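>>> Predicted model, plus sequence, below.
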Amino acid sequence: MKSLLLALLIPLTSFAAQTELEATSFQALRQKIEQTNFQYRETGKIFGFVTTQSCLFTAPGIIVFKNYCFPARRYPAQSYTIISKEFGMIDLYEEEMSGELLKRDIRIDQFPAIMAQYLDTPPEFLGLAGLSSTIEKMHYKYYPACWSTNFSNYTETADVNCTKKPADVIGFDQWAQETQAFLSDEVAWKSFMKEMNLKFKP
């Protein structure tokens, strides 16, 4: 399975240190997805997933990977990766834990200003292999990231934080409030993931 965080304790690159980092509104991202018509493009392996394949859906300026898409069967986890210049690279992750706990995560794996450096070609034209290569390159750069979860494996409680000072991330407080409120509402989360699964069918 894909690691939950990208480089928690590894020094950041000088490029990232000089780049303005912004946590864009999660509500705005949800509205963008709901209002956008996506087209299925292809299925294949992307970086970070060893045994399963992802399905690629595209629209102008934004792409969505439905992870754990193939082989088609029931998995204990489900995940979506959204990539755009406007929102960066966002991961939505759900995993069934022991004791009937449904672990829910929203992660900023790449901030918009950093992601934009890799999207000279519009993301919808890169294709699955090109996007996978881009994700791999960025992973090894150890750029900063933020996460919000209803259950941290480290603290065993809800948690929201970044690999750098949250005060240095524009819009962090709003993003933290939005994501924590959403993640704490299991009914709302399940409803949203159901909508995502209906919308992103290969």
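That came through, no problem.

>>> who touches residue 36 in this structure?
59, 62 (CB atoms under 8 Å, 6 or more residues apart in numbering). (Each C-beta comes from the backbone N, C-alpha and C, glycine too.)

>>> what separates it from residue 166, distance-wise?
To residue 166, residue 36 is 29 Å away according to CB to CB, to the nearest Å.

>>> Repeat that for residue 90.
Distance from residue 90 to residue 166, by CB to CB: 17 Å.

>>> before we move on, what about residue 177?
12 Å.

>>> Please apply the same query to residue 25.
16 Å.

>>> do the same with residue 93
From residue 93 to residue 166 the distance is 20 Å (CB to CB).

>>> what about those two, which has more around it?
residue 93 (20 against 14; other CB atoms under 10 Å).

>>> Wait, a strand at the more buried one?
Yes. Under DSSP: H, G, I helix; E, B strand; the rest coil, residue 93 falls within a strand.

>>> residues touching residue 124, list them.
Applying CB under 8 Å, 6+ apart, the residues contacting residue 124 are 58, 59, 60, 61, 62, 63.

>>> Write the ChimeraX selection for whichever of those residues are buried.
To isolate the buried ones among the contacts of residue 124 in ChimeraX, judged by 16 or more other CB atoms under 10 Å, type:
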select :58,59,61,62,63
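
>>> quick one, helices of the protein?
14-17, 26-35, 112-116, 127-139, 172-183, 186-199 (DSSP state H).

>>> Just give me the lowest mean pLDDT stretch among the ones you listed.
Comparing mean pLDDT over the helices of the chain, the weakest stretch is helix 14-17, at a mean of 48.

>>> need the contact list for residue 60.
Contacts of residue 60 (CB under 8 Å, 6+ apart): 122, 124.

>>> From here on, call the first residue 21.
All set: I'll call the first residue 21, so the last point we hit is now residue 80.

>>> For it, give its distance to residue 55.
For residue 80, the distance to residue 55 equals 12 Å [CB to CB].

>>> ditto for residue 194
From residue 194 to residue 55 the distance is 20 Å (CB to CB).

>>> Tell me which of these two has more neighbours.
residue 194 (14 against 7).

>>> Bridge partners for residue 99, pull those for me.
residue 87, residue 113 (DSSP bridges).

>>> my guess is it contacts residue 114, does it?
Yes. Contact criterion CB atoms under 8 Å: residue 99 and residue 114 qualify, at 7.1 Å.

>>> Report pLDDT for the residue nearest to residue 90 when sequence neighbours are not counted.
Distance criterion CB to CB, 6 or more residues apart in numbering; nearest residue to residue 90, sequence neighbours excluded, is residue 73 at 4.2 Å. If you check residue 73, the pLDDT there is 94.
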